[in-house]
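Colleague: starting from these lines, generate the structure:
(2 chains)
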Amino acid sequence: MRIVTKRNGLIALLILAFSFPYIAQNDYYLHMLTLSFIWAIAVYGINLLSGYTGYLSLAHAGFFAIGAYSLGLLTVKAEMNFWLALAGACVITCVIGLLIGLIALRTKEHFFAIYTLCVGYIIYLVIDKWEGLTEGVRGLIGIPAPGSIGPITFDTAASQYYLVLLFLLAVIVIMYRIIHSLTGRTYIAIRNSEDLARTIGISTMKNKLTAFVLSTFFAGLAGALYASFIRFIGPDIGSTAIMFDLLMYLLVGGIGTLSGPLVGTLLLVILSQNLQFLQKYRMLIFGPLLTLIIIFYPRGLAGAAFEWQRKRRDKKLSMVRADMHMKAEEG
Amino acid sequence: MLKLIDVAVAYGSFTAIKRVNIEVEKGEIVVLLGANGAGKSTTFRSISGISKLARGEIHFQGSPIGGRAPDKNVREGIVQCAEGRKLFPRMTVQENLKMGAYVHRKKKDDIKRSLEYVYHLFPVLREKHHDEAGSLSGGQQQMLAIGRALMSKPKLLMLDEPSIGLAPLIVEQMFQVIEEINREGITILLAEQNANAALGIAKKGYVFENGEIVVQGTATELLANDEVKKAYIGA
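Modeller: Residues are numbered from 1 along each chain as shown, chains lettered A, B, ... in the order given. All right, here's what the predicted structure looks like:
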C-alpha cells in the first residue's frame, strides 16, 4: 500500500485547511489566506473561460467589481439581508455577463482579449464616475459582514475563513464536475478547434455563452465575498491592475488545469506578502519569474507537475513492456 | 438526396468556389477529385454549413439547407469528417468517439450501440480505447476520425481526403471500410487526390480545378478521360 497517493494528499490538504485557524498564530495569516481564497474563486472563473474554452477574458476584474458593488449596494443602500444580497449579486453579474458575452463572443482570439479589456475598463469607469450610485472614488463604506445562519455567526476572522473556504471548496467541486462532464469536454473541444467542434454538431455560440456566464458567476461570487469580508470597496477593485494580478495567478498556477488557480493564487499572494519589504521592486522578481514560467511551463506549475507525472508513468510502462517482451522471448 | 445548385463561397474578396453543381443520390458513393486548394474542402464546408454561401442553393432530402447552422445539419444527418485527421488529441479514443455522438447525447443506449458498431468496424480502436488520441498512428487516427463521424449516425457522410499521408496497404483497408460503411446505407461524398482508388469504389465523380467543376461523369468515364488520367492517375 502506498501512503503518498493523490487521495491521501487531498485529505491531508483538507485537514490542513480546516485546522489552519488553530495553527495560525495570529489573525493576519488567516486574513491573508481568506483573501487569497476569494481571489482564487475569481481565478477559477477566468480559468473556465480562458483555460478550458480558449477565450482569454480581460474583463473579469470588472465582473468581480460588479459582484462586489452589487452586494455592497444591496446591503448598504437597499438594506437587504446578506444572503439574499449575495444571491442577488451573483444574478446581477450573470445578467450583465450574458449581455456582454452576447457581443464579445462574436470576436475571437486577440480581438476577444482586446474587446474584453475595453469592457473591463468601461466597467471600472462607470463605477468610478457614477457617484450617485457608487459613491465614486469615496467608495462604499459599512458593508455588513455575512449575516448569521441560525446560531452560526460570521463575526470572527476564523468563522469568515471557514465561510470562504466552504465557498472555495464548492467552486472547486463544481469545476471538477464541469470539466469531467460532457459539458467540459464540449468547452475543451471548442478550445481545440471551433470548426471541428461545429462539424460534430456542437452549437459553439450557445456553449461559449454558457461558459462565459458561468465564469462571470464565479467572478461575481468572489467579488461579493470580497465586499462582505473587507467591508469597504472602491472602484480600484475593477481596475486593470487587479485583472493582470488575477491573470498572473492563473498563468503561474497553470491555465487550463484544475489545481492551477488555487496553487498560483496562494503562492503569489503569500510570496508578494513576504516580499512586502521590497515594495515596488517586487516586480523585479515577479517579471522574470513569470517570463520563465511561461517559456518553460506554458501550463504553469500544475501543468509542469502533470507532465512530470506523465513522463514517469510512460517510463514505467515502457519498462514493464520491455520486461514482458523479454519474458515472452525466454518462454 | 443532396443537390448543390450554382453554389459559390467567398472568403473576403477571394472566391473559393463558384458555379458548383453537384447531385448525389441516396446510397451512392460520389467522389470529388482535385488538387490542393481546388475547392473540395470548401464545398464540404458549404454543405455542412460552416462556410456561408455567397450564392446558390443547397437541398438535402428535398428541403433547402443553405445558411442553416452546422449543428442542425449534423442532427439531420449531414456529417463531415474533416481533413488532416482532426481529433481531440488529449482526449482518449473513447472520449473522442463519444464526442462524435454529441447530438445524440441524451440517448445513452444508442451511443452504446454506435460505439459497438465503430469498434466492430475498427477493432484496433477497441484495443486502444483508453489511449490518448494523440498517441495513435496516422492510420489509426484516420480510423478514429471516421469512427467519430459515424457516431453521429450520418445519412450523408463527407470524407475529406481519408487516404492522405497513409501507407498504401492502409489506404486499401481504408477504402474497403468506406465501401462497408456505404453498404450499411450511408451515402458517401468523398474528396480525394488518389483518383484511382477513389474511382474504384465510386459511382460517379466531379473534377475540381480553381474552384470550379471542370469534368464530371461516371467512374468509368472519368477513368477513361485523358485529362483525368494525366492529372491524377499518372498514366
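Colleague: what about residue B:20, helix or strand, and which?
Modeller: Taking DSSP states H and E as the criterion, residue B:20 maps to strand B:14-24.
Colleague: who does that strand touch, helix- and strand-wise?
Modeller: strand B:2-11, strand B:29-33, helix B:40-48, strand B:212-218 (3 or more C-beta pairs under 8 Å, 6 or more residues apart in numbering or on different chains; DSSP states H and E). All C-beta atoms are positioned from the backbone trio N, CA, C, and that covers glycine.
Colleague: nearest to chain A, of those?
Modeller: Chain A lies closest to helix B:40-48 among the helices and strands packed on strand B:14-24, at 6.0 Å (C-beta to the nearest C-beta).
Colleague: any chance of the helices and strands packed on strand B:14-24 in JSON lines, plus mean pLDDT and mean neighbour count?
Modeller: JSON lines is the format used below for the helices and strands packed on strand B:14-24 (pLDDT from 0 to 100; neighbours: other C-beta atoms under 10 Å in any protein chain shown):
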{"stretch": "strand B:2-11", "mean pLDDT": "91", "mean neighbour count": "18"}
{"stretch": "strand B:29-33", "mean pLDDT": "93", "mean neighbour count": "26"}
{"stretch": "helix B:40-48", "mean pLDDT": "92", "mean neighbour count": "25"}
{"stretch": "strand B:212-218", "mean pLDDT": "90", "mean neighbour count": "17"}
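Colleague: who wins for proximity to residue B:65 among the ones you listed?
Modeller: Closest of those to residue B:65 is helix B:40-48, at 8.0 Å (criterion: C-beta to C-beta).
Colleague: quick one: that closest one to chain centroid distance?
Modeller: Chain-centre distance of helix B:40-48: 9 Å, with C-alpha atoms, centre = their mean, to the nearest Å.
Colleague: kindly report the same for stretch A:15-28.
Modeller: Its chain's C-alpha centre lies 22 Å from the corresponding centre of stretch A:15-28 when counted by C-alpha atoms, centre = their mean.
Colleague: do you know how far residue B:145 is from residue B:133?
Modeller: To residue B:133, residue B:145 is 9 Å away according to C-beta to C-beta, to the nearest Å.
Colleague: what do the two both touch?
Modeller: Residues touching both residue B:145 and residue B:133 (C-beta atoms under 8 Å, 6 or more residues apart in numbering or on different chains) are residue B:87.
Colleague: neighbours of residue A:316, how many?
Modeller: When neighbours are defined as other C-beta atoms under 10 Å in any protein chain shown, residue A:316 has 10 of them.
Colleague: tell me if the helix or strand harbouring residue A:184 is near chain B.
Modeller: Secondary structure from DSSP H and E places residue A:184 in helix A:182-192. Yes. Interface with chain B: helix A:182-192 contributes A:182, A:185-186, A:188-189, A:192 (C-beta under 8 Å from any C-beta of the partner chain).
Colleague: burial of whatever residue of the stretch 1-150 of chain A ends up closest to chain B, as a residue count?
Modeller: Nearest to chain B in the stretch 1-150 of chain A, going by C-beta to the nearest C-beta, is residue A:52, at a distance of 11.6 Å. Counted with other C-beta under 10 Å, residues neighbouring residue A:52 total 25.
Colleague: need the phi and psi values for it.
Modeller: Backbone geometry at residue A:52, expressed as degrees, to the nearest 10, gives phi -100, psi -30.
Colleague: that one contacts residue A:179, doesn't it?
Modeller: Yes. Residue A:52 lies in contact with residue A:179 (C-beta atoms under 8 Å); the separation is 6.6 Å.
Colleague: host element of residue 206?
Modeller: No chain specified, so I'll use chain A. Applying DSSP H and E as the criterion places residue A:206 in helix A:204-230.
Colleague: my bad, chain B
Modeller: strand B:204-209.
Colleague: what's the helix or strand bottoming out on mean pLDDT in chain B packed up against?
Modeller: One helix or strand of chain B scores below all others by mean pLDDT, DSSP states H and E: helix B:226-228, with a mean of 80. Packed against helix B:226-228 by the contact rule (3+ C-beta pairs under 8 Å, 6+ apart) you find strand B:212-218.
Colleague: number of residues surrounding the closest residue to chain B within the stretch 151-300 of chain A?
Modeller: Distances between the stretch 151-300 of chain A and chain B by C-beta to the nearest C-beta are smallest at residue A:201, namely 3.2 Å. Neighbour count of residue A:201, defined by other C-beta under 10 Å: 25.
Colleague: what about the residue lying closest to it once chain neighbours are set aside, helix or strand, and which?
Modeller: Of all residues not flanking residue A:201 in the chain, residue B:74 sits nearest, at 3.2 Å (C-beta to C-beta, 6 or more residues apart in numbering or on different chains). Per DSSP H and E: residue B:74 is located in helix B:70-76.
Colleague: quick one: average pLDDT of the helix ranked longest in chain B?
Modeller: In chain B, taking DSSP state H as the definition, the longest helix is helix B:168-183. Averaged over helix B:168-183, pLDDT sits at 91.
Colleague: which elements pack onto it?
Modeller: Applying 3+ C-beta pairs under 8 Å, 6+ apart, one finds that helix B:168-183 contacts strand B:29-33, helix B:108-121, helix B:138-150, strand B:187-192, helix B:195-201.
Colleague: of the ones you listed, flag the one that's most buried.
Modeller: Among the helices and strands packed on helix B:168-183, the stretch with the highest mean neighbour count (mean count of other C-beta atoms under 10 Å in any protein chain shown) is strand B:29-33, at a mean of 26.
Colleague: contact partners of that one?
Modeller: Here strand B:29-33 makes contact (C-beta under 8 Å, 6+ apart) with B:22, B:24, B:40, B:43, B:178-179, B:182, B:187-193, B:195, B:198-199, B:201-208, B:219, B:222, B:228, B:232.
Colleague: the residue of chain B found nearest chain A: neighbour count?
Modeller: As assessed by C-beta to the nearest C-beta, chain A sits closest to residue B:74 within chain B, at 3.2 Å. Number of residues near residue B:74 (other C-beta under 10 Å) recorded here: 27.
Colleague: follow-up on the earlier one: got the angle for the helix holding residue A:184 vs helix A:204-230?
Modeller: 110 degrees (axes from the mean of the first three to the mean of the last three C-alpha atoms, to 10 degrees).
Colleague: and the next helix or strand after helix A:182-192, is it in reach of chain B?
Modeller: Counting by DSSP H and E, the element after helix A:182-192 in chain order, helix or strand, is helix A:194-199. Yes. Against chain B, helix A:194-199 shows contacts by C-beta under 8 Å from any C-beta at A:195-196, A:198-199.
Colleague: got CSV for these, with neighbour count too?
Modeller: Compiled in CSV, those are given as follows (neighbours: other C-beta atoms under 10 Å in any protein chain shown):
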residue, neighbour count
A:195, 16
A:196, 21
A:198, 25
A:199, 30
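Colleague: just to revisit the earlier point, columns distance to residue A:260 on top of the helices and strands packed on strand B:14-24, output as CSV?
Modeller: Below are these laid out as CSV (distance: least, C-beta to C-beta, whole Å):
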stretch, distance to residue A:260
strand B:2-11, 37
strand B:29-33, 45
helix B:40-48, 35
strand B:212-218, 50
